[in-house]
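[1] Model the structure of this input:
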Amino acid sequence: MNTAPHTRTGRRRPSPATPRVRPDGDPHGAHALRVRDEHALQIRGALGTIALGEAESRRPASRRLRTMLAILGPGLIVMVADNDAGAFSTYTQAGQNYGTRLLWTLLLLIPILYVNQEMVLRLGAVTGVGHAKLIMARFGRFWGAFSVIDLFMLNALTIVTEFIGIALACRYLGLPKAPTIALAGVLVIGAASTGSFQRFERLCLALVAGSLVLVPVYVLVHPPTAQMAQGLFVPGLPGGHGLSTVMLLIIAIVGTTIAPWQLFFQQSYVIDKRITTRFIRYERADLVLGIALVVIGAAAMIGFSAAAFAGRAGFGHFTDAAGVAAGLARFGSHAAGVLFSIGLIDASVIGAAAVGLATAYAAGDALGVDHSLHRSVRGAKGFYGCYAALISLAAALVLIPGVPLGTLTEGVQTLAGVLLPSATVFLLLLCNDREVLGPWANSTATNVLTGAVVWVLVLLSVILTAGVLFPRIGWGAILTILIGGAAVGCAGGLWLAGAARRGRAQAAPEDGTRSRARLRAQRAYWRMPPLEELGAPVLSLQRRLGLATLRGYLLLAVALVVVKLVTVSA
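    Below is the predicted model:
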């Protein structure tokens, strides 16, 4: 008797454990990438080219190195682009206002960065489908439209902050504002519009190398090593400051380090580069390199801004990145201020390009139009049109007099922080959907860590809410919230772990015991079937309640952030 599952149209579809193999036996063929052009059988990276049919086993070290160089790019670009103009503002604000007291938050964010971005690169390599399209297919058009509209609005504001960064750097360097911003806009649009993925990636990797300009700034200012070590490894919160203001900045640090646009960008970029699961370990190494660069850059900014302003009149009175550059020149050296400004321009350009592409990729997924850097402008008009319109609009807004640039920059990073839980929830659900990932679905350890991340972000938002509603709230109340929240989180985690164990116990008679070797064999051949062949996802009552709660959380959190920002800027 045929027990294979069927789609709603009655067609037989493979089980998630069924290998998806080409007729010639190659599970890594270009069909899994769903691309259509004459170079579909090649990965054309900035630093090399790989033929997808090339033998993988028993490669000498030199060939593995060439493969690594060819794959290098998505992880580096998404991470370094995250240290953009908003990050420059947020990290230097933390250093100038609070010294190194918030430096420890960066170490906590390292595993969160890796887990989140590893999940999206896995989704991209296994499915060949963009993040927005997967959300629409598995959760319905409402949540798909919500995720795209939410992303579009936040990304548009984020790109504005990139051009704010360019404007601030121009102000310090004495460059004319309007021509420099116009030139930067043309550069950002032109870099992505050549019809060559390889040329775009080469430019981005050049900008990645340019981000290292922060290292000599750190050396010139030379923050005390003992103070940096204490800030990194001894958690604490600055005293004598309003709770809600500190929490606003901590959420902004989270939002600027782990932003929703990164999920959409890396998944689509991995697909556009034609990276399959065959190369996933190289892409994970690429991601680790990117995380190392982003944390080094962030720590350097907090450290040298803290050292430059410590014990001086500017300490605790952050204005903007141009003020930081002036302080570095005044209290450090003129070269430090110039290099910082050059680094700010570099970060703003790569940030605008990456965030703009994330939006254009998501719009292409939602509208069903071609969206690939391998295509010419004529072959993907909607994709390039969306990208160019976003960049042009953001550049134009910065030139309007009277726009509150500083408040807007902090607000965008904070909004990214409070919107991150929703993006992570959808990512977590997709990575546990065995119709989508099959044997590549999340492990229990990944689920536990990701669930803890979501809960911590929610707790931060709860504390922010308390700080807005009760400005005189004390640290005792905060501790109560944290202990209560941790207890609720642990109870929920234990309940979910028990449910997972019961599910595995029920599935054991059917699935049997799968060894690691069997899992590796399944992963080698499994690919997600076409979306139209997937079974309809089951939306249980618990999941529906969870999504409804998530919607309420988003509305409340965004409203409170807006209220707090208006209060701070008043």
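
[2] ok, Ala46 to Ile345 distance?
    Ala46 is 21 Å from Ile345, where distance means Cβ to Cβ, to the nearest Å. To be clear about C-beta, it is placed using only N, CA and C from the backbone, and glycine gets the same treatment.

[3] Run through the stretch 151-300 of the chain and note the low-pLDDT ranges.
    239-244 (pLDDT under 70).

[4] now the helices for it?
    177-192, 197-210, 214-221, 225-233, 243-257, 260-272, 280-309 (DSSP state H, counting those that start in this stretch).

[5] The ones you listed: which one's closest to Phe331?
    Nearest to Phe331 among the helices of the stretch 151-300 of the chain is helix 280-309; the distance by Cβ to Cβ comes to 4.6 Å.

[6] so what does the closest one touch, helix or strand wise?
    Secondary-structure packing of helix 280-309 (3 or more Cβ pairs under 8 Å, 6 or more residues apart in numbering; DSSP states H and E): helix 61-71, helix 74-80, helix 85-98, helix 104-127, helix 214-221, helix 225-233, helix 321-331.

[7] Local confidence estimate at Val35?
    Predicted confidence (pLDDT) for Val35: 44.

[8] before we move on, back to that, mind putting the helices and strands packed on helix 280-309 into TSV with mean neighbour count and distance to Leu482?
    As requested, the helices and strands packed on helix 280-309 are arranged in TSV below (neighbours: other Cβ atoms under 10 Å; distance: least, Cβ to Cβ, whole Å):
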stretch	mean neighbour count	distance to Leu482
helix 61-71	15	41
helix 74-80	27	29
helix 85-98	28	19
helix 104-127	21	14
helix 214-221	19	33
helix 225-233	15	20
helix 321-331	23	32
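
[9] List the neighbours of stretch 323-337 that are in contact with it.
    88, 92, 96, 168-169, 172, 216-217, 220-221, 304-305, 307-309, 312, 314, 318, 338, 340-341, 344 (Cβ atoms under 8 Å, 6 or more residues apart in numbering).

[10] mind running it again at 6 Å?
    Thr92, Tyr172, Val217, Leu220, Val221, Ser305, Ala308, Phe309, Gly314, Phe340, Ser341 (Cβ atoms under 6 Å, 6 or more residues apart in numbering).

[11] ok, these vs Ser372, which is closest?
    Ser341 (34.6 Å).

[12] Just give me the neighbour total for the closest one.
    When neighbours are defined as other Cβ atoms under 10 Å, Ser341 has 28 of them.

[13] What of Gly451?
    18.

[14] Pipe the helices and strands packed on helix 280-309 into JSON lines and attach distance to Leu157 per row.
    Listed next are the helices and strands packed on helix 280-309 as JSON lines, based on distance: least, Cβ to Cβ, whole Å:
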{"stretch": "helix 61-71", "distance to Leu157": "32"}
{"stretch": "helix 74-80", "distance to Leu157": "19"}
{"stretch": "helix 85-98", "distance to Leu157": "10"}
{"stretch": "helix 104-127", "distance to Leu157": "21"}
{"stretch": "helix 214-221", "distance to Leu157": "25"}
{"stretch": "helix 225-233", "distance to Leu157": "30"}
{"stretch": "helix 321-331", "distance to Leu157": "17"}
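
[15] Which of the ones you listed sits closest to Ala366?
    helix 104-127 (16.4 Å).

[16] same for the next helix or strand after that closest one, what does it pack against?
    The C-terminal neighbour of helix 104-127 among helices and strands, as given by DSSP states H and E, is helix 131-139. Helices and strands touching helix 131-139, by 3 or more Cβ pairs under 6 Å, 6 or more residues apart in numbering; DSSP states H and E, are helix 141-173, helix 260-272, helix 334-367.

[17] Helix 131-139: how far from the chain's middle?
    In terms of Cα atoms, centre = their mean, to the nearest Å, the centre of helix 131-139 is found 17 Å from the chain centre.

[18] Quick check: the gap between Gly379 and Gln267.
    From Gly379 to Gln267 the distance is 22 Å (Cβ to Cβ).

[19] So for those two, which sits in the more crowded spot?
    Neighbours were counted for Gly379 and for Gln267 using other Cβ under 10 Å; Gln267 has more, 33 against 13.

[20] Please verify my assumption that that one contacts His131.
    Yes. Using Cβ atoms under 6 Å, Gln267 is in contact with His131, at 4.5 Å.

[21] Quick check: which of the helices of the stretch 151-300 of the chain is nearest to Leu69?
    Of the helices of the stretch 151-300 of the chain, nearest to Leu69 by Cβ to Cβ is helix 280-309, at 9.4 Å.

[22] List the buried residues for the closest one?
    Neighbour counts over helix 280-309 (16 or more other Cβ atoms under 10 Å) mark 280, 282-284, 286-291, 293-309 as buried.

[23] same deal with stretch 434-442?
    Buried-residue list, stretch 434-442, by 16+ other Cβ under 10 Å: Glu435, Val436, Leu437, Gly438, Pro439, Trp440, Ala441, Asn442.
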